[in-house]
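[1] this one's structure only:
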Ligand SMILES: [Zn+2]
């Protein structure tokens, strides 16, 4: 499909979701009803409430426990090779500037940085960072979906659209939560195999990246709201679509359970040294625990004790390996405004020339629709053990990472509606090519 025609059609469907006053009035009568506009409205009004009365709703101290052991630092790093070394030293890189990066590091890893000759320009404990840089946020925080709320929305969607949608879990986490997945397929339900080409959307490998739950969750709601629009119906009729908005519910709940920020990235594994969590996006079996990954359990980029040591990544492995029909995958993270594609764990693009062109083309189209920057993942830094490298290497899936916007893990709810709208466009684009991604080369 030509991009112009696609954008035009998509603009029409997105604008068609703007509701009239009469519809809104009817909408508000159906208490508890889940619709895309209703959810977006709620997010906006929660945000405004938060702005009006922050003093009454903000906890006096927004910083949670366990934040004295880790630091937010800015370190000099001139290129992707230095950035990769910083990841290996245990820094989770969150902001990249031409000659420096910022991110989270455990206090025990700080000496390693100076040993390796890195210059730390500034540092503060996460407790300080949260107090000084994010003091507004808790007031508007309730707009983000916790585990129960996201599960309720998915259950509601499946119940309302029983003819084409079903709900199942990829499996149980360490703490026994479900990785709820909405499946959209006109002929197969639950975990039954399908021969139709498949698309898989997964959010929140990293707990504190809460916007990465909202985007796939609201995309699921949008798809069901617009299921009868001809452009959307044809994808629903011909594809096998899976949406898992929250792959790491244990981590999400751990991050927010005290009502204060914990800045938790990993899952809820208790490591041998009693630190909490394995970095799920370093735990896949793709050059596992080599470049850009740390073997120190306390670090934010800890790779775990073995590839697929964690139930969350095992569940994705089992799910993907059982579905040879999957053509595309989108993994949502925050917050760098990027569309990334393999290789991430190896310096350079994928070897297959045709595949390389498909990645670049799809990445470019989704970047145009979101306003993000498309980038070969390893041009940013080399990081092994991630979802996309593994999915492409083992199953030939065109797998992308979207780094959403926000400028912080807790950017407030005011950012959700705009981010969801633009990422719905990119998600629909992915559907439009999932029948045969090689067609993008025509
Ligand atoms: Zn992430």
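    That came in fine, so what should we check first? Small disclaimer: the values here were computed from a predicted structure and weren't measured.

[2] can you pull the buried residues of the host helix or strand of residue 121?
    Residue 121 belongs to strand 120-125 when assigned by DSSP states H and E. Across strand 120-125, burial judged by 16 or more other C-beta atoms under 10 Å covers 120, 123, 125. Where you see a C-beta, it was placed from the backbone N, CA and C, and this is true even at glycine.

[3] correct me, but the second one touches residue 91?
    No. Applying C-beta atoms under 8 Å as the test, residue 123 and residue 91 come out as separate, 11.0 Å apart.

[4] List the residues that are in contact with both of these two.
    residue 73 (C-beta atoms under 8 Å, 6 or more residues apart in numbering).

[5] for the residue of the stretch 251-400 of the chain found nearest the ion, what are its contacts?
    For the stretch 251-400 of the chain, the residue positioned closest to the ion under C-beta to the ion is residue 333, at a distance of 3.2 Å. Contact analysis of residue 333 by C-beta under 8 Å, 6+ apart lists 205, 206, 209, 212, 281, 401, 402, 403, 404.

[6] a helix runs through the fifth one, doesn't it?
    Translated: residue 281. Yes. Assessed by DSSP: H, G, I helix; E, B strand; the rest coil, residue 281 belongs to a helix.

[7] what about it, how many neighbours?
    Using other C-beta atoms under 10 Å, residue 281 has 25 neighbouring residues.

[8] same deal with the second one?
    With neighbours defined by other C-beta under 10 Å, the count for residue 206 comes to 26.

[9] can you pull the contacts of it?
    Residue 206 neighbours (C-beta under 8 Å, 6+ apart): 212, 248, 251, 265, 266, 279, 280, 281, 333.

[10] which one of those residues sits closest to residue 231?
    residue 212 (25.9 Å; C-beta to C-beta).

[11] Please list all residues in contact with the closest one.
    203, 204, 205, 206, 332, 333, 334, 404.

[12] residues near the nearest residue to the last one once chain neighbours are set aside, how many?
    This points to residue 404. Sequence neighbours aside, residue 334 is the residue nearest to residue 404 in space, at 4.2 Å (criterion: C-beta to C-beta, 6 or more residues apart in numbering). Burial of residue 334 is recorded as 28 neighbouring residues (other C-beta under 10 Å).

[13] Can you pull the phi/psi pair for residue 334?
    The phi and psi torsions at residue 334 (degrees, to the nearest 10) take the values phi -140, psi 160.

[14] what's the answer for residue 70, then?
    Dihedral pair for residue 70: phi -120, psi 150, per degrees, to the nearest 10.

[15] separation between the nearest residue to it once chain neighbours are set aside and the ion?
    Distance criterion C-beta to C-beta, 6+ apart; nearest residue to residue 70, sequence neighbours excluded, is residue 126 at 4.8 Å. The spacing between residue 126 and the ion, counted by C-beta to the ion, to the nearest Å, is 17 Å.

[16] surely residue 126 meets residue 265?
    No. Between residue 126 and residue 265 there is no contact under C-beta under 8 Å: 11.2 Å.

[17] Compare these two and say which is more crowded by neighbours.
    residue 265 (27 against 21).

[18] Name the secondary structure element that contains the more buried one.
    Here residue 265 is assigned to no helix or strand, by DSSP H and E.

[19] and what of residue 67?
    Using DSSP H and E, residue 67 falls outside every helix and strand.
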